[in-house]
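Undergrad: Whatever this is, show me its structure:
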Amino acid sequence: MASGLVAPIDDEGNIVTKTDSGNSLTKRGKGGNVVDSDTFLTLLVAEMQNQDPLEPTSNTEWVSQYATFTQVQQLSEMGNAMDQLRANSMVGKEVVMKVTNEATGEVSYKDGVVEYVLVENGKTMLVIDGEKYSIDDLDSVLSDEYSEALGKYREWTAKLSALPSLQFVTEQYEGALKELFDDYYAMDDYQQKFMQQYAGDDLALFQQYLAKMQLYGIEFEEPDKDAADKATTLDDILDSFNKKMDDILEKLGSLTGTDSTDDVENDEGGDGEDTGDTEDVENPEDSKEAGGTA
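TA: Numbers count the residues shown, from 1 in each chain. Take a look at the predicted model:
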């Protein structure tokens with residue numbers, strides 16, 4: 001579990017960062033000052049044509065200028081390739097983009113999940129909610145744990161804000177408050193810490209709602225975490241297995257109308273009856289012999 005939270009949020013549940021990194025997509029635009037090799041060669045030829053004939057530039061200096069430009073261009077291409085690799089790794093993750101309005105200079109933040117990546121005019125773009133943002137505007141990347149906690153924060157505070165003012169709350173809101181109560185205690189430790197840090201006022205208001213419910217004799221009991229976290233022993237597993245087997249045998253017996261003990265007793269009783277039948281057959285013969293002798 002992460003040791004701390006990675007980005008603050010404002011009163012409306014929006015992520016607020018304090019970094020100054022990133023440039024606005026609107027500021028860069030399509031009209032950015034980009035010098036490619038063709039532009040450089042054009043400038044180089046123009047410089048050669050208009051140089052001072054009394055003090056011409058040496059061939060070595062021309063070559064040095066071109067070599068320097070080539071190195072810069074290669075570094076730029078390498079940077080673009082790294083941007084693409086970095087952007088591809090962010091697909092499916094929640095990020096925060098810092099965008100500056102070109103007209104007003106106002107800085108705003110947009111958070112959302114990166115849907116896919118594309119390249120326009122050599123620039124790597126992140127697509128969030130159908131909108132394109134330059135990777136240069138990337139401010140921060142959120143962990144899955146933080147994103148989940150932020151989602152629960154927004155959902156919980158939205159439910160709380162939907163309740164009427166404290167003075168108008170009566171016992172008829174027991175169900176809504178019970179839902180909020182259960183949702184909070186269903187959160188893990190990280191999420192509850194998130195709530196305590198960013199929803200302190202909301203939690204205090206919620207406690208006031210609960211206190212008013214007590215006036216109507218309604219109280220909500222916190223779950224026993226110790227009992228829920230109790231380790232299951234081997235004896236518990238064996239007892240559970242034996243109980244399940246007994247239930248299965250009992251159901252089988254109810255379906256057949258007999259059980260294993262009755263079957264054994266019936267088999268033994270059947271042998272005794274066969275012996276009795278043999279004696280019954282032999283008795284008439286004995287009586288005939290006795291009659292003939294007489």
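
Undergrad: and the lengthiest strand in the chain, what does it pack onto?
TA: In the chain, ranked by residue count with DSSP state E as the criterion, the top strand is strand 107-120. For strand 107-120, the elements it packs on are helix 59-88, strand 94-100, strand 123-128, strand 131-134, judged by 3 or more Cβ pairs under 8 Å, 6 or more residues apart in numbering; DSSP states H and E. For glycine as for every other residue, the C-beta is placed from the backbone atoms N, C-alpha and C.

Undergrad: Turn the ones you listed into TSV, including distance to D236 and mean neighbour count.
TA: Converted to TSV, those look like this (distance: least, Cβ to Cβ, whole Å; neighbours: other Cβ atoms under 10 Å):
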stretch	distance to D236	mean neighbour count
helix 59-88	48	12
strand 94-100	41	21
strand 123-128	49	20
strand 131-134	54	18
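
Undergrad: Ok, which of the ones you listed comes nearest A211?
TA: strand 94-100 (36.3 Å; Cβ to Cβ).

Undergrad: by contact count, what packs against the closest one?
TA: helix 25-28, strand 107-120, strand 123-128, strand 138-141.

Undergrad: so it versus strand 107-120, what angle?
TA: Interaxial angle of strand 94-100 relative to strand 107-120 (axes from the mean of the first three to the mean of the last three Cα atoms, to 10 degrees): 110 degrees.

Undergrad: Let me see the mean pLDDT of the longest strand of the chain.
TA: The average of the pLDDT scores along strand 107-120 is 89.

Undergrad: which parts of it are buried?
TA: Judged by neighbour count using 16 or more other Cβ atoms under 10 Å, the buried positions of strand 107-120 are Y109, K110, D111, G112, V114, V117.

Undergrad: which of those lies closest to V95?
TA: For these, the nearest to V95 is V114 (5.8 Å; Cβ to Cβ).

Undergrad: Please save the CA atoms from the helix or strand harbouring Q207 in CSV.
TA: Assigned by DSSP states H and E, Q207 falls within helix 200-215. C-alpha atoms of helix 200-215 as CSV (Å, rounded to 0.1, in the frame of the first residue of the first chain):
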residue,chain,number,x,y,z
GLY,A,200,-12.7,16.4,6.9
ASP,A,201,-15.6,19.0,6.8
ASP,A,202,-17.9,16.4,5.1
LEU,A,203,-17.1,13.8,7.7
ALA,A,204,-17.8,16.3,10.5
LEU,A,205,-21.2,17.1,9.0
PHE,A,206,-21.9,13.4,8.6
GLN,A,207,-21.3,13.0,12.3
GLN,A,208,-23.9,15.7,13.0
TYR,A,209,-26.4,13.8,10.9
LEU,A,210,-25.7,10.6,12.9
ALA,A,211,-26.1,12.5,16.2
LYS,A,212,-29.5,13.7,15.1
MET,A,213,-30.5,10.1,14.2
GLN,A,214,-29.7,9.2,17.8
LEU,A,215,-32.4,11.6,18.9
